[in-house]
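Asks: A predicted structure for the sequence below; I have some questions about it.
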There are 4 protein chains.
Amino acid sequence: MLTTAYRPEIAQVGAITLGTPNLEKSLVFFRDLLGMEVTYQTEDVAYLRAYMELVHHSLILRRSSEAIVDTYSFRVKRPEDVELFNQVLQDKEVETLELPAGHEVGRGTAIRFIWPHAGHPIELYYDIDKPQAPEELRSKLPSNSSKRRGLGVRRIDHFNVQAKPGDMNAAEAWIRETLGFKRREFINIPEMKTIVASWMSVTPQVHDLALVANPFEKAAQLHHVAFNLENHSDLLVAADVLKDHDVQFDIGPGKHGIGQALYLYVRDPGSGHRVELYAGGYWILDPDFEAIEWTPATVKDGLTWFGDPLEMGTDNSMAHTTNSAGLRTANQLIG
Amino acid sequence: MLTTAYRPEIAQVGAITLGTPNLEKSLVFFRDLLGMEVTYQTEDVAYLRAYMELVHHSLILRRSSEAIVDTYSFRVKRPEDVELFNQVLQDKEVETLELPAGHEVGRGTAIRFIWPHAGHPIELYYDIDKPQAPEELRSKLPSNSSKRRGLGVRRIDHFNVQAKPGDMNAAEAWIRETLGFKRREFINIPEMKTIVASWMSVTPQVHDLALVANPFEKAAQLHHVAFNLENHSDLLVAADVLKDHDVQFDIGPGKHGIGQALYLYVRDPGSGHRVELYAGGYWILDPDFEAIEWTPATVKDGLTWFGDPLEMGTDNSMAHTTNSAGLRTANQLIG
Amino acid sequence: MLTTAYRPEIAQVGAITLGTPNLEKSLVFFRDLLGMEVTYQTEDVAYLRAYMELVHHSLILRRSSEAIVDTYSFRVKRPEDVELFNQVLQDKEVETLELPAGHEVGRGTAIRFIWPHAGHPIELYYDIDKPQAPEELRSKLPSNSSKRRGLGVRRIDHFNVQAKPGDMNAAEAWIRETLGFKRREFINIPEMKTIVASWMSVTPQVHDLALVANPFEKAAQLHHVAFNLENHSDLLVAADVLKDHDVQFDIGPGKHGIGQALYLYVRDPGSGHRVELYAGGYWILDPDFEAIEWTPATVKDGLTWFGDPLEMGTDNSMAHTTNSAGLRTANQLIG
Amino acid sequence: MLTTAYRPEIAQVGAITLGTPNLEKSLVFFRDLLGMEVTYQTEDVAYLRAYMELVHHSLILRRSSEAIVDTYSFRVKRPEDVELFNQVLQDKEVETLELPAGHEVGRGTAIRFIWPHAGHPIELYYDIDKPQAPEELRSKLPSNSSKRRGLGVRRIDHFNVQAKPGDMNAAEAWIRETLGFKRREFINIPEMKTIVASWMSVTPQVHDLALVANPFEKAAQLHHVAFNLENHSDLLVAADVLKDHDVQFDIGPGKHGIGQALYLYVRDPGSGHRVELYAGGYWILDPDFEAIEWTPATVKDGLTWFGDPLEMGTDNSMAHTTNSAGLRTANQLIG
């Protein structure tokens, strides 16, 4: 029998925990406008999932004085991968925190660490409840957790986070080597021997996680979290409705050449965190897919193939970011 | 270091070879109407790919007196998996044929075998060329092999094949155990201790391969091959255009509850093989996804959630199938 | 100066008043699911309009033991046309009822009469309020009365009513000659010297009003009232959502060849009245447009170009109709 | 019998004649990419119509050293309206040219005049052939002149032309009073006592004809001619395809608040004339619709509700215009 080294693997984007100074306003946005379901709620925290997500949550909103990201979590492929990743990290001398079951409501044990060179707090877990929705929300289709509502976001799609320009190569290499993310498309500046953006995935999506250089040289910034809509037309309806609800628009609708999805970047009115609505795009099933390289000379079509143009830089609304929390804030998570 | 048994894996649906009594008419359908690119052509054969497929081909049309399926091929994950699958099959006492590079134009070595209990000829390969399209067809986007044309089919999606009802359990179990397909949704008749349909995948699609019981007790039948469109709206445009081009419609448009994609089943005018146009649907990223079971009592919404209703049975156009070829026809493949 | 005979004219479909045995359930359907705005409400009646309708209402739901249609109303082009139509009708010896301003809340004076040979109660009016929506519903765009909500129906589209087969020619001729409706498409049975269906309009729509022969020889039946969605994709979303809300589907989605719009026929859960969701279709701007004739031999594509097939006849759910009220029920309208 | 003054009326936008320095390239754009049908062609001229237009043509491309607009034509409601408009114009001391049948191939007699204060050459006609398409192009649906092809433009939509700022009030008032166009939405600068843009129609469209102030004080400029697509999704596909065909994009996709349609402005590669692809928008059926007024302070959402932003001004690609021809060029029309 052939054997091979056993490597723990990431299965998918898990959830994001957003600190929000106005939990009620954020709930109006995510629950009422986007159409997500609240699966658990207290005075200061709400857990939500989209209508095609069977798991307990993909979004946690936590009342906080600061609009911060507490956690980016990923689900791993096998139960044992949580502990195996823990060992992998310790072997690489990365400090980890073991979080008990229930640290996030509905979730089993997890490990938490800070992404070296990038500064983002990441949690890895396997166990998560799959509760049925209350009867009045329940869908007839077993592949839906609830009936389609609001703008019909159907699942969390990806995180787009930043590192300081000087840390880009190291941060990106680290996460590829350690967590197994594959680079799919990237912006490279050969003459400066550095990448400035990398779209990476563990699934056939063009990206589950993007890392981009922060133009202000700030560390550990969230650019946006993305939620998925099925059709391009859903994104146009979303633009129409959100525009009429005083939601701040950054950029969009438009179509990225990178990934070829339709995009719309808006701000959660409660927190100012940037949310991307994302529809379509191509899937990478080829086992020998070669990462697509862009340079500053060629990247214009990559950023915007058509539509409201997305520009990199410091002097536009897309330059705004929010802070990711460091390891010390683990205690602030209240479930 | 932890080790584990090394298993070869299927990466994705590869290609289908369709015998067609009227190659010219089939080309009008696939190349001109659907918008596929011919990458290689002789008097009696044409190789085609869709505009988002970087590989040499996903469809071979071969002039033939009979409308038959010569081959269903799948691409494997690593180069060594071709030979490893060969050994796996031989260990299971399944006869295999080793096909040299070039047996299909643009493709490397492959193995060919007949799916036990089902009778379908399957080929597995890794190497395949990724030629650039001619300049006039080439897209500016590197993730496209050519510019979007015709109805914009973007890639092959899945095969839906049949076995005799009495062979369903065995055929389905065999392919899951041997090739690693996961059962995602299925129709079960508990009182008869048999499944009658199974939608299986190796990718996050709900299915790359479906196996359904043939209602006439015939062996080795093709129900349809599906090509993917990005948006539901693309499928409605396809219906509008194909209807006006004397293409025979079986069923659709409609939306399946199983998989939740929009469907349109038509016949290739050149051969009568059934082609499904397929858009949308949900992706399975949960590592602990539990296969969804349907029974005859519940399956109505699974077959058709809304739209032109799809019925199982013998007395409607959807009962028509075409033959898959057996091992002996390997020699008939001419590239 | 040239002069011509001055003819009063119909401007557009106005409103429909539906008796409903379950006003609350009907409100859930029209207000919450379809997304209409309630502009006036009492214990037993609700007035609604769609988000692109600036006028007070296009739908009145009236609590009633019977699911009946009290009124089909049309708005006329000029204020004086109400009285002019009154005279036209009296000259034709059709009994009219003059209704004072406020007979329908928000509406000015109107006349009411029964459509000869067809039996439907019709009201004609000019004056109608254009109230602003409450601030929380108001749109930023002045061409919207409120923000897009629910499934986004944007205006009432048309009425489809029936007459006895033997009355078809007379009823259709009468309404064309008297109210100025133009025949746009029709189904004719030359050998029986009768039409069996006529799609007519005063606007560039293919129809504002359809008249179809009732297959049970019943008089004065409503087949459906239609509401307009902007895009085909909106109709697919509507199908998806309504299906999951226990709304009974008759037929659809599909595309009519007649008019070329996408259709979905469902039943209001509160009353059983049939509602069609309608999107797209062609506009008739040619001044010399010739009515398109269909016969039973050719009409298949006219009824359903693609999708869930619509069949005429008595043995399917589409044969169900609801009664229109006669002149005597004018007193039952409570505003 | 009541009588009223008889006024001739415009029925709809008729056709536009574009001079193009590269007829072949323009044909690739309009015929092959947009999917229009050539109904008549010589070495130096081509007549085209869209697939839902039953009339002979809505576009004439004429080989010319200059990219100029020879003619904007409108179809009138009744045959006698051609001569009646001729008299109306002469009564207003506007010089007219009577054009014989065949001056445009397939068209009957027409009159030609220059729009006072604006400088654009306008022709009015009634008679126009309605030829069947060749069998291989013909649609099964009688409301289509041909099968849907290319990007599926279905009819001409509107003209957007310019006048000098100082002529705006006079030009706009003149065309409303003389040709019966109704002002539907407009941009007004009260403090300067002038409008700077007016969207006007004779049909229920928000505009069949727009007049906008030229920011460079040039007279008689064409901003764009628009062609209609049925769905928003068709416009996104158009953007995707045209982008990959080296068609210059000015602005779009985006959604106008004015009219609420989706827009995409591109340049015909053969001539540089700007073409707008246009989908959706609201219809004006209310007989008492009040024109919507925008001011520079409020117009931002009117120009772009969402998407690639459209800005007025001189320093962007949307400021480019092409010349309209004057009366003297009537002789240059060769059919």
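Replies: Sure thing, it's come through. Just so it is clear, the structure is predicted and the values come from calculations on it, not from any experiment.

Asks: residue A:9 against residue A:80, yeah?
Replies: No. At 10.9 Å, residue A:9 does not count as touching residue A:80 under the criterion of C-beta atoms under 8 Å. Quick note: C-beta positions are derived from backbone N, CA and C, even for glycine.

Asks: what residues does the helix or strand that contains residue A:275 touch?
Replies: Secondary-structure element containing residue A:275, defined by DSSP states H and E: strand A:274-280. By C-beta atoms under 8 Å, 6 or more residues apart in numbering or on different chains, the list of residues contacting strand A:274-280 from outside reads A:29, A:151, A:153, A:157-158, A:160, A:222-232, A:234-235, A:238, A:250, A:252, A:260-268, A:320-322, B:230-231.

Asks: quick one: mean pLDDT over that strand.
Replies: Looking at strand A:274-280 alone, the average pLDDT works out to 98.

Asks: partner strands of it, with direction?
Replies: The sheet places strand A:274-280 alongside strand A:221-229 (parallel), strand A:261-267 (antiparallel), with pairing taken from DSSP bridges.

Asks: does chain B sit close to the helix or strand that that strand is followed by?
Replies: Remark: after strand A:274-280, the chain's next helix or strand is strand A:292-294, criterion DSSP H and E. Yes. With C-beta under 8 Å from any C-beta of the partner chain as the criterion, chain B is reached by strand A:292-294 at residue A:292.

Asks: give me the next element, helix or strand, following strand A:292-294.
Replies: From strand A:292-294, the next helix or strand downstream (DSSP H and E) is helix A:300-303.

Asks: from the contact counts, what lies against that following helix?
Replies: In terms of contact count using 3 or more C-beta pairs under 8 Å, 6 or more residues apart in numbering or on different chains; DSSP states H and E, helix A:300-303 is assigned no packing partners among helices or strands.

Asks: can you point out the buried residues in that helix?
Replies: Across helix A:300-303, burial judged by 16 or more other C-beta atoms under 10 Å in any protein chain shown covers A:301, A:302, A:303.

Asks: chain B: which of those residues is nearest?
Replies: Nearest to chain B, judged by C-beta to the nearest C-beta, of the buried residues of helix A:300-303 is residue A:301 at 6.1 Å.

Asks: my guess is that closest one contacts residue B:140. True?
Replies: Yes. Here residue A:301 lies in contact with residue B:140, judged by C-beta under 8 Å, at a distance of 6.1 Å.

Asks: common neighbours of the two, please.
Replies: Listed as contacting both residue A:301 and residue B:140 by C-beta under 8 Å, 6+ apart are A:257, D:243.

Asks: quick check, the residue in the stretch 101-250 of chain A closest to chain D?
Replies: For the stretch 101-250 of chain A, the nearest residue to chain D under the criterion C-beta to the nearest C-beta is residue A:239, separated by 4.2 Å.

Asks: what about that residue, neighbour count?
Replies: Counted by other C-beta atoms under 10 Å in any protein chain shown, the residues lying close to residue A:239 total 25.

Asks: swap in the one 4 residues further on?
Replies: Other residues near residue A:243 come to 23 when the count uses other C-beta under 10 Å.

Asks: right, and the residue of the stretch 101-250 of chain A closest to chain D touches residue A:251 too?
Replies: No. Under the criterion of C-beta under 8 Å, residue A:239 makes no contact with residue A:251, lying 11.1 Å away.

Asks: residues in contact with the residue of the stretch 1-150 of chain A found nearest chain C?
Replies: Closest residue of the stretch 1-150 of chain A to chain C, C-beta to the nearest C-beta: residue A:147 (4.4 Å). Applying C-beta under 8 Å, 6+ apart to residue A:147 gives the contacts A:51, A:137, A:138, A:139, C:241, C:244, C:245.

Asks: ok, 10 Å please
Replies: For residue A:147, the contacting residues are A:35, A:37, A:51, A:133, A:136-141, C:240-241, C:243-245, by C-beta atoms under 10 Å, 6 or more residues apart in numbering or on different chains.

Asks: any idea how far apart the tips of stretch A:272-290 sit?
Replies: End-to-end span of stretch A:272-290 (C-alpha to C-alpha, to the nearest Å): 36 Å.
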